[in-house]
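Student: What follows is a predicted structure for the sequence shown.
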Amino acid sequence: MRSVLILGATGSIGCNTLDVLAGYPEQYQVFALTAAQNWQKLLEQIRQFQPAYAVMTDADAAVLLKQAVSDAGLATEVLSGTAALAELAAHPDVDIVMAAIVGAAGLLPTLAAVEQGKTVLLANKEALVMTGELFIQKVKQHGATLLPIDSEHNAIFQCLPSALQQDTANQQLADYGISKLLLTGSGGPFLRKDLADFERITPAQAVAHPNWVMGQKISVDSATMMNKGLEFIEARWLFNCRPDDIQVVIHPQSIIHSMVQYADGSVLAQLGQPDMRTPIAHALAFPQRISTNVKPLDFFALTEFSFAKPCAERYPCLYLAKQACALGQGATTALNAANEVSVAAFLAEQIRFTDIARFNALALDHFAAVKASSLEHILQLDSEARAFVLQKIKEMH
Ligand code: NAD
Ligand code: MG
């Protein structure tokens, strides 16, 4: 029996994780569930999985949840506030932490799990984008097991030789005959949209992803391809490689989830439905396999299978992220923070779709040379970059 904590249980990844766990009550025990505000959904999950603990980071929602849990006669202890996330992530009774909070808010609890040498299933790519070098150092130092949930990274991981899977952070890809990591992306909902119409894209259009059902922030990131940019940086750290070792390939059907090219000309790919329950199940059971309710692929229904090169005019955010990756940790921290603020402003209809890249570029330019090596520096830079973009948005109005 392995004990699981889900950070961000009410989100898209959190719900998919519980869907997989529901099939294996003998193998996995849900130790704790956390969320920000949606106490009604968390209550439903508590009823079904009866965890020892639940955390609502929002204080008002925590009061409501506590009352509802007590009224329902459930034994789950409800905690409140962000400090409780890191406390539970470090709890001795936890074996596996699913890091599925969106954005920088997920960083500290995820690091707390790493520092206790837990098995960390990483969906929260922003944590790694912010702190890459430091994060991986801590993984090594504390002997944590880091398994990628992001479908592309999970696909790449599955295409690696098993000796490399055991120790991705310390090995060189070239020593295993690997010449390139091919990171695929659908291109999002605006792959073929006229560039002249980009200014008028609405939040509702941007979150309507053609293949995946996801949270709002990552859906907007997929539309700008900042998501692929964040994943580029994520891959650089997860697989201990150089930016030159990674190539982004547009594959609109989202059936190939990424590929690994070997020196002898072989390319290994992982294929499947665009359904996050597959990578989640893979990482939960690794190195074993468990089954999910994901529909098997029907090759006779795959009428089209295509590939393209991403263009800088359509996807400036992808290129900003690659630039930040080459610059280093200060630049990636600042770009991630800027992007969180500009995406939130776009979703709140305060700025246009095209302004996301504009503000992100301003922030990257401003903070490009900043070095951030300690956690303290990184957190400080994160808040400075947020304040910078908020100020620029204010000036624009
Ligand atoms: P989501 O918005 O659906 O869910 C986010 C979860 O985090 C919710 O449970 C929410 O309550 C919690 N949360 C949000 N802000 C918080 C805060 N400030 N403090 C504490 N908790 C907070 O997001 P999602 O789509 O599930 O994505 C989660 C993470 O996984 C993101 O980093 C995303 O990039 C990554 N990811 C998601 C998918 C996907 O298919 N959804 C795929 C790959 C990677
Ligand atoms: Mg992904």
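Tutor: The structure has been received and is ready for your questions. Numbering: from 1, shown residues only. Ligands and ions are numbered 1, 2, ... in the order given.

Student: Please name the nearest non-neighbouring residue to residue 356.
Tutor: Leaving aside its chain neighbours, residue 356 sits nearest to residue 342 (4.5 Å; criterion: C-beta to C-beta, 6 or more residues apart in numbering). For every residue, glycine as well, the C-beta is placed using N, CA and C.

Student: residues contacting residue 255?
Tutor: For residue 255, the contact set (C-beta atoms under 8 Å, 6 or more residues apart in numbering) comprises 271-274, 297, 302, 305.

Student: Cross-check these against ligand 1 and keep the overlap.
Tutor: The subset of the contacts of residue 255 lying close to ligand 1, counting by C-beta under 6 Å from any ligand atom, is empty.

Student: Of those - the most surrounded one?
Tutor: Ranked by neighbour count (other C-beta atoms under 10 Å), the contacts of residue 255 have residue 272 at the top, with 22 neighbours.

Student: wait, doesn't that residue sit right on residue 278?
Tutor: Yes - Residue 272 lies in contact with residue 278 (C-beta atoms under 8 Å); the separation is 4.9 Å.

Student: residues shared between the contacts of those two?
Tutor: The contact lists of residue 272 and residue 278 share residue 294, where a contact means C-beta under 8 Å, 6+ apart.

Student: mind checking which helix or strand the residue nearest to residue 356 is in?
Tutor: Here residue 342, judged by DSSP states H and E, is contained in helix 329-347.

Student: quick one, what contacts the residue of the chain found nearest ligand 2?
Tutor: Residue nearest to ligand 2 within the chain: residue 150 (4.2 Å; C-beta to the ion). Residue 150 makes contacts with 122-123, 125, 231, 234, 279, as judged by C-beta under 8 Å, 6+ apart.

Student: do the same with residue 22
Tutor: Residue 22 neighbours (C-beta under 8 Å, 6+ apart): 48-49.

Student: Give me the distance between it and residue 333.
Tutor: 37 Å (C-beta to C-beta, to the nearest Å).

Student: same check, this time on residue 170
Tutor: From residue 170 to residue 333 the distance is 24 Å (C-beta to C-beta).

Student: what about the two, which has more around it?
Tutor: Between residue 170 and residue 333, residue 333 has the larger neighbour count (other C-beta under 10 Å), namely 28 against 10.

Student: Does the more buried one touch residue 378 like I think?
Tutor: Yes - under the criterion of C-beta under 8 Å, residue 333 makes contact with residue 378 at 5.2 Å.

Student: okay, and the common contacts of these two?
Tutor: 130-131, 372.

Student: quick one: which of the residues you listed is nearest ligand 1?
Tutor: residue 130 (11.2 Å; C-beta to the nearest ligand atom).

Student: ok, back up a step: so for the residue nearest to residue 356, what's the pLDDT?
Tutor: Residue 342 is assigned 98 on the pLDDT scale.

Student: The helix holding residue 342 packs against which elements?
Tutor: helix 125-142, helix 203-207, helix 216-224, helix 226-238, helix 316-327, helix 353-367, helix 375-396 (3 or more C-beta pairs under 8 Å, 6 or more residues apart in numbering; DSSP states H and E).

Student: Figure out the helix or strand that residue 248 lives in.
Tutor: strand 246-250.

Student: and that strand with ligand 2, contact?
Tutor: No - remark: strand 246-250 sits outside contact range of ligand 2, by C-beta under 5 Å from the ion, the gap being at least 11.7 Å.

Student: buried residues in that strand?
Tutor: Using 16 or more other C-beta atoms under 10 Å as the test for burial, strand 246-250 gives 246, 248-250.

Student: and ligand 1, which of these contact it?
Tutor: For ligand 1, no contacts are drawn from the buried residues of strand 246-250 by C-beta under 6 Å from any ligand atom.

Student: Low-confidence bits of the protein, can you list those?
Tutor: For the chain, applying pLDDT under 70 flags no range at all.

Student: Could you list the residues of it in contact with ligand 1?
Tutor: 8-14, 35-36, 38, 57, 100-102, 105, 123-126, 150, 212, 214-215, 218, 276.

Student: In strands only, show me those residues.
Tutor: residue 35 (DSSP state E).

Student: What residues does the residue of the stretch 251-397 of the chain found nearest ligand 1 make contact with?
Tutor: Residue nearest to ligand 1 within the stretch 251-397 of the chain (C-beta to the nearest ligand atom): residue 276, separated by 4.5 Å. The neighbourhood of residue 276, defined by C-beta under 8 Å, 6+ apart, consists of 12-13, 16, 149, 151, 212.
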